[in-house]
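Colleague: Quick one, structure for this:
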Amino acid sequence: MPRKPRFYLPGVPVHIVQKGNNREAIFFEESDYSAYLGWLKDALKRYDCQLHAYVLMTNHVHLLVTPKAQESISRMMQYIGRRYVPYINHKYNRTGTLWEGRYKSSLVQEEPYLLACMRYIELNPVRANMVKEASAYQWSSYTFNALGRHDGLLTAHPLYLALGMDKTLVCQAYQQLFMAHMADNTTGEIRAAWQTGTPLANDRFKEKIERVLNTNVGYAKRGRPKKGSDPF
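Modeller: Numbering: from 1, shown residues only. All right, here's what the predicted structure looks like:
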């Protein structure tokens, strides 16, 4: 069965998800998280990508990235994998694959989905019952986006900056987004998009992408996730 093609466009954000093989851990101690972030930072600079949100979970990662070139995402992920996998295998005397197949990804329509996608990513530790609040999790972009702490990995997206007149007001407005419950249908729509490789977008935007790429991008099922589905 042929691989489903990925769809990338310069300037269009991409939600990337990469999981450990058989849901096994990909991070084992704090130095592993730091090593991954170091190579991620190098790759962002090398391949001209902007990172807006991320979370590193025990057995998977979420990244929200805007590429400057069509091939930037693929090269960025290859760069990280070719350094992080040998690092883990050597450090823990293991062999074989670390990842569960290819990483998954979906284009994200900026309005109205980008801020919802950022919330989805940063709420992962809360949904996984690892912490009660997003601010309590160390390995995510929440402290940058909501609390204004420095993070050299991140570039603020224009829609995020439009939340307020200055950084303080932007952070306050972003925090308010987390006060409301994230609807199951929104969570399900975001999850269905990255799982199927379908753009997280309205039909009009998808049709525009199809015209630009001259290919069928597909349409994911919307609504609440099926019972027992991944909580990512």
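Colleague: Tell me if residue 105 really is in a helix.
Modeller: No. Per DSSP: H, G, I helix; E, B strand; the rest coil, residue 105 lies outside any helix segment and is strand.
Colleague: and it, how far is that from residue 82?
Modeller: 18 Å (Cβ to Cβ, to the nearest Å). C-beta here means a position set from N, CA and C on the backbone, and glycine is covered the same way.
Colleague: Settle it for me: which of those two has more neighbours?
Modeller: residue 105 (22 against 11; other Cβ atoms under 10 Å).
Colleague: my guess is the more buried one meets residue 17, correct?
Modeller: Yes. Between residue 105 and residue 17 there is a contact at 7.1 Å, judged by Cβ atoms under 8 Å.
Colleague: What strand or helix carries the residue positioned nearest the centre of the chain?
Modeller: The residue lying closest to the centre of the chain (Cα atoms, centre = their mean) is residue 63, at 2.5 Å. According to DSSP states H and E, residue 63 maps onto strand 60-67.
Colleague: Return the list of strands paired to that strand, each annotated with direction.
Modeller: strand 14-19 (antiparallel), strand 49-56 (antiparallel) (DSSP bridges).
Colleague: what's the most buried one of those strands?
Modeller: Burial of the strands paired with strand 60-67 is given as mean neighbour count (mean count of other Cβ atoms under 10 Å); strand 49-56 ranks first at a mean of 23.
Colleague: Might you calculate how far it sits from the centre of the chain?
Modeller: Strand 49-56 sits 6 Å away from the centroid of its parent chain (Cα atoms, centre = their mean, to the nearest Å).
Colleague: Restricting to C-alpha, output it in PDB.
Modeller: Extracted C-alpha coordinates of strand 49-56, given in PDB (Å, rounded to 0.1, in the frame of the first residue of the first chain):
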ATOM      1  CA  CYS A  49      11.300  26.900  10.500                       C
ATOM      2  CA  GLN A  50       9.500  28.700  13.300                       C
ATOM      3  CA  LEU A  51       8.200  26.800  16.300                       C
ATOM      4  CA  HIS A  52       5.100  28.200  18.000                       C
ATOM      5  CA  ALA A  53       4.100  25.400  20.500                       C
ATOM      6  CA  TYR A  54       5.500  22.100  21.600                       C
ATOM      7  CA  VAL A  55       5.200  19.400  24.300                       C
ATOM      8  CA  LEU A  56       7.500  16.500  25.000                       C
END
